[in-house]
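Undergrad: structure, please.
(one chain, ligands or ions: 2)
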Amino acid sequence: MAFHLESYLEHAGPLSLEGIDFDRARHWPLDEDMLRALAYFTDVEGHTIMWVRDLLNTGIRHDPRVTTFISCWAYQELFHSRAIDKFLRAYGAPTGEERLHEVRSNIRVLKERFEAVGSWLIGIHPGVQKATYYSWGAAAEYTTLTGYALLARRTNNPVLREVLLRIGKDERKHFAFYFNEAKEALKHSELVRQCTYWLLDWLWTPVGSGIKPQAEVDFLTRYLADTDGGRGREALLDIDRTIARLPGLHRFAKMRKVMEGLGLLDQRPAS
Ligand SMILES: [Fe+2]
Ligand SMILES: [Fe+2]
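TA: Residues are numbered from 1 along each chain as shown. Ligands and ions are numbered 1, 2, ... in the order given. Here you go, the predicted model:
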């Protein structure tokens, strides 16, 4: 089904938090791991603008459909960070705003350069550029919406759960845009399909890599995988299965590789 950009634009406002009683946030205690996971999400959401900066260094900036979408998309992502921060403030935990300097200084310059080279390479061929950008975005958004769904499943704090579920609805729309555009961009050329697969296989990393230290990326992957006694693994593998539905990307298996690297697929979920 095609993505209706005009309809998205008409409704793409800041996340509505109407009706959520943040005064009740403290009534259901969260453990340290959940607070650590929330810190990850708010930091990554708050740095979407860094990703936009790299995008605008490519020929992507000449496509008005893309620049229109990313203008609203980056705006919505910022409000996701603010929504989690609002919950954390109400709960009495440190927010992303308080960690801004620390997070910025953690951004790995070498990795940024590496990604900038990737952006430049992608920029050489406009078809590869578009297809890679859209496929990358689809994988990132699907990972994010999966992450929010797993966190919502893990917590017994109804205030937090409602915030996470509302953010997840936005992420699903973002995913729909990227996935549909990727399908279209990959349709016409075997060269584009092969290059896109190769670039994703080479460069794609889970959302937050490069912004958060590797130890935090590994922590979050384990934490999400362990949801429901280990059944989160299937949800994470579903990211691969979803992206593999795109033309030419049937071998996409980056989440499987990440989880294998952490030894997570050797452990059977508890029954
Ligand atoms: Fe988001
Ligand atoms: Fe998103």
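Undergrad: within range of ligand 1, give me the residues from the stretch 1-150 of the chain.
TA: With C-beta under 5 Å from the ion as the criterion, the stretch 1-150 of the chain meets ligand 1 at residues Glu45, Glu77, His80. For glycine as for every other residue, the C-beta is placed from the backbone atoms N, C-alpha and C.
Undergrad: which residues are in contact with the first one?
TA: Contacts of Glu45 were listed using C-beta atoms under 8 Å, 6 or more residues apart in numbering, and they are Glu77, Leu78, His80, Ser81, Ile84, Gly96.
Undergrad: ok, now with 6 Å
TA: Counting by C-beta atoms under 6 Å, 6 or more residues apart in numbering, Glu45 touches Glu77, His80, Ser81.
Undergrad: do the second one as well
TA: Under the criterion of C-beta under 6 Å, 6+ apart, the contact partners of Glu77 comprise Glu45, Thr48.
Undergrad: mind listing what's buried along the helix or strand hosting it?
TA: Assessed by DSSP states H and E, Glu77 sits inside helix 64-91. Residues of helix 64-91 classed as buried: 66, 69-70, 72-73, 76-88, 90-91 (neighbour count, 16 or more other C-beta atoms under 10 Å).
Undergrad: ok, so of the contacts of Glu45, who is nearest ligand 2?
TA: Distances from ligand 2 to those, taken as C-beta to the ion, are shortest for Glu77 (5.5 Å).
Undergrad: would you check how far apart the residue of the stretch 101-250 of the chain found nearest ligand 2 and Thr95 are?
TA: Going by C-beta to the ion, ligand 2 is nearest to His174 of the stretch 101-250 of the chain, at 3.7 Å. The gap separating His174 from Thr95 is 23 Å, by C-beta to C-beta, to the nearest Å.
Undergrad: picking that back up, possible to save the residues of the stretch 1-150 of the chain next to ligand 1 as JSON lines with pLDDT and distance to Tyr142?
TA: What follows is these, written out as JSON lines (pLDDT from 0 to 100; distance: C-beta to C-beta, whole Å):
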{"residue": "Glu45", "pLDDT": "90", "distance to Tyr142": "16"}
{"residue": "Glu77", "pLDDT": "94", "distance to Tyr142": "15"}
{"residue": "His80", "pLDDT": "96", "distance to Tyr142": "15"}
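Undergrad: how far away is Phe252 from ligand 2?
TA: For Phe252, the distance to ligand 2 (C-beta to the ion, to the nearest Å) stands at 19 Å.
Undergrad: let me see the contact set for that residue.
TA: With contact set as C-beta under 6 Å, 6+ apart, Phe252 has these partners: Asp240, Ile243, Ala244.
Undergrad: relative to ligand 1, how far out is Leu220?
TA: Distance, Leu220 to ligand 1, using C-beta to the ion: 15 Å.
Undergrad: what does the average pLDDT come to for the helix or strand containing that residue?
TA: Per DSSP H and E, Leu220 falls inside helix 214-225. If you average the pLDDT over helix 214-225, you get 96.
Undergrad: many thanks, I have nothing further to ask.
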